[in-house]
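S.K.: Below are the sequence and a predicted model for it; my questions follow.
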Amino acid sequence: MVFWEGYVSDEAMGTFAPIVVYWLYAGFYQLLPPLDKYRLHTRKEEEEKNFVTLASVVKGVLLQQLVQATVAQLLFLLTSTADASGTTIQPSIPVQILQIIVAMIVMDTWQYFVHRCMHHNKFLYRHVHSQHHRLVVPYAIGALYNHPLEGLLLDTFGGAISFLISGMTARTAVIFFCFAVVKTVDDHCGLWLPGNLFHICFQNNSAYHDIHHQIQGMKYNYSQPFFPIWDMLLGTHMPYVLLKRPEGGFEARIKKD
């Protein structure tokens with residue numbers, strides 16, 4: 001039993017809950033006070049280094065989410081296992097946990113190789129992936145700010161393949177996709193907040209991804225959103241140190257040998 005049962009279908013929740021969660025969680029970060037002593041970049045750096053307005057970022061994210069919702073509805077329609085009464089048999093909790101772990105590994109694998117390809121292929125970087133890197137200083141709402149083709153290939157197809165390979169139901173997908181969205185937003189939040197569980201539990205976090213957005217780290221730390229496994233296996237892992245800035249806040253700096 002879940003709180004939406006009887007009110008909204010699992011397929012509708014799997015389609016729209018991740019979008020709602022994105023704006024709630026990213027909006028939470030956007031509405032926070034400046035928190036200068038926890039920022040990975042100063043507000044001045046964010047204003048001077050980013051090449052796109054907040055309004056353009058919002059429009060880009062909404063376009064990607066429109067495509068994602070369309071694909072999700074089609075995917076759920078084609079894979080539905082509901083009986084005549086509209087009921088789908090849910091697997092046991094251990095099976096669902098295993099499915100989520102498999103989906104995390106599949107998504108990480110897909111996104112690593114597509115992301116890396118977009119950096120190493122000059123045409124794809126110049127005409128597609130460079131749009132995301134207009135945010136030299138990432139912030140939460142910009143987590144899904146991508147070129148439409150990148151949004152389709154990297155996130156939408158990545159999510160669809162993870163769903164299909166893991167064999168999860170639409171109900172399990174609600175949990176997985178909402179968690180993936182929260183993790184992705186957190187990785188782009190530009191803050192190093194004390195007690196943040198994502199920083200404690202995941203090596204791939206806001207500081208790790210901030211290195212990738214720096215010029216000297218753009219061909220490193222491709223892994224997202226969960227684990228840095230592929231970076232470590234294929235030599236694209238860039239260690240970093242987190243230093244306190246004299247004027248307040250932190251700086252993720254590439255670790256020198």
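M.R.: Done, it's in. Quick caveat, the model's predicted, so the values are computed rather than measured.
S.K.: Just the pLDDT for the residue nearest to residue 28 when sequence neighbours are not counted.
M.R.: Leaving aside its sequence neighbours, residue 28 sits nearest to residue 140 (C-beta to C-beta, 6 or more residues apart in numbering; 7.9 Å). Just so you know, the C-beta spots here come from the backbone N, C-alpha and C atoms, and that holds for glycine as well. pLDDT recorded at residue 140 is 97.
S.K.: Which residues are in contact with residue 140?
M.R.: Neighbouring residues of residue 140 by C-beta atoms under 8 Å, 6 or more residues apart in numbering: 25-26, 28-30, 185-186, 188-190.
S.K.: mind pulling up the phi and psi values for it?
M.R.: With angles defined as degrees, to the nearest 10, residue 140 sits at phi -60, psi -50.
S.K.: From residue 172, how far off is it?
M.R.: 26 Å (C-beta to C-beta, to the nearest Å).
S.K.: do residue 205 as well
M.R.: 25 Å.
S.K.: And the residue nearest to residue 28, how close does it get to residue 23?
M.R.: 10 Å.
S.K.: intersection of neighbour lists for those two?
M.R.: Here residue 140 and residue 23 share no contacting residue, scored by C-beta under 8 Å, 6+ apart.
S.K.: who's in contact with the spatially most central residue of the chain?
M.R.: Closest to where the C-alpha atoms of the chain average out (C-alpha atoms, centre = their mean) is residue 184, at 2.5 Å. With contacts defined as C-beta under 8 Å, 6+ apart, residue 184 is in contact with 143-144, 224-225.
S.K.: How about the secondary structure of it?
M.R.: Secondary structure, DSSP: H, G, I helix; E, B strand; the rest coil: residue 184 is helix.
S.K.: any idea how far residue 159 is from it?
M.R.: Residue 184 sits 11 Å away from residue 159, going by C-beta to C-beta.
S.K.: Please enumerate the strands of this protein.
M.R.: Assigned by DSSP state E, the strands in the chain fall at 240-244, 250-254.
S.K.: Identify whichever of those lies nearest to residue 17.
M.R.: Closest of these to residue 17 is strand 250-254, at 31.3 Å (criterion: C-beta to C-beta).
S.K.: okay, the angle between that closest one and strand 240-244?
M.R.: Interaxial angle of strand 250-254 relative to strand 240-244 (axes from the mean of the first three to the mean of the last three C-alpha atoms, to 10 degrees): 150 degrees.
S.K.: Mind listing what's buried along strand 250-254?
M.R.: 250-253 (16 or more other C-beta atoms under 10 Å).
S.K.: Which other helices and strands does that strand contact?
M.R.: Based on contacts counted as 3 or more C-beta pairs under 8 Å, 6 or more residues apart in numbering; DSSP states H and E, the elements that strand 250-254 packs against are helix 206-213, strand 240-244.
S.K.: From the rest of the structure, what touches that strand?
M.R.: By C-beta under 8 Å, 6+ apart, the residues outside strand 250-254 that reach it are 38-41, 192, 207-208, 210-211, 214, 216-217, 238-245.
S.K.: Partner strands of it, with direction?
M.R.: Take DSSP bridges as the rule and strand 250-254 pairs in its sheet with strand 240-244 (antiparallel).
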